[in-house]
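>>> Coordinates for the following, if possible.
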Amino acid sequence: MLDSSARKAQRSASGARGGGEEALGRSRGGLTTKIHAAVDALGRPLCFLLTPGQAADCRQARPLLEGLSFERLIGDRGYDTDELRDWAEELGAEAVIPSKRNRKAPIPHDRAAYKARHRVDNLFCHIKDYGRIVLRKCKTSRSYAGFVSLAFALVNIQLCQ
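Okay, here's the model as predicted:
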């Protein structure tokens, strides 16, 4: 399952010295960073990417899933592209993605399997408990990624108990 969540960045998060990558971008909420995550069937985080807030979800799916094996690819409407569906089919996986409303010929999806997508949303709810993730005060994306990794590890420990 995949999804993303935008985190608003504080004013102090911009302006990294030495040209460090910041992963900050403008979106509706102002200066934001998007966390794109893939989770397994139990809702445990597998991997994540950080991008500027205006980055499209569908463009991050392949880099996020590269090297992972899966039978089903479950995502929301933001991942509804023919390219992603074809890629999943090449890998022998079923794409469980509802069609966008503006698609001329809607593609049916397995509604029962799609109901499990709440687990990726639950992951983002869990990490919202950590102030360091919510506030996004880190200057570089590398340091912020470290805190996101720590939050995901703590959530993983909680889910395994």
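
>>> Which helix or strand in this protein has the lowest average pLDDT?
The least trusted helix or strand in the chain, going by mean pLDDT, DSSP states H and E, turns out to be strand 25-27, with a mean of 74.

>>> how about the residue nearest in space to the middle of the chain, secondary structure?
Geometric centre of the chain, nearest residue: His36, 2.0 Å, by C-alpha atoms, centre = their mean. Secondary structure, DSSP: H, G, I helix; E, B strand; the rest coil: His36 is strand.

>>> what comes into contact with the helix ranked longest in the chain?
Ranked by residue count under DSSP state H, the longest helix found in the chain is helix 141-160. Applying C-beta atoms under 8 Å, 6 or more residues apart in numbering, the contact partners of helix 141-160 are 20-23, 33, 35, 37, 42-45, 48, 50, 123, 126-127, 130, 132-133, 136, 138. Heads up, the C-betas are built off the backbone N, CA and C, glycines and all.

>>> give me that answer again for 7 Å
20-23, 33, 35, 42-45, 48, 50, 123, 126-127, 130, 132-133, 136, 138 (C-beta atoms under 7 Å, 6 or more residues apart in numbering).

>>> and if you look at stretch 68-87?
Contact with stretch 68-87 is made by 1-3, 38, 46, 57-58, 61-62, 88, 93-100, 103, 113-114, 116-117, as judged by C-beta under 7 Å, 6+ apart.

>>> what about the residue nearest to the centre of the chain, distance to Leu65?
In this view, His36 and Leu65 are 10 Å apart by C-beta to C-beta, to the nearest Å.
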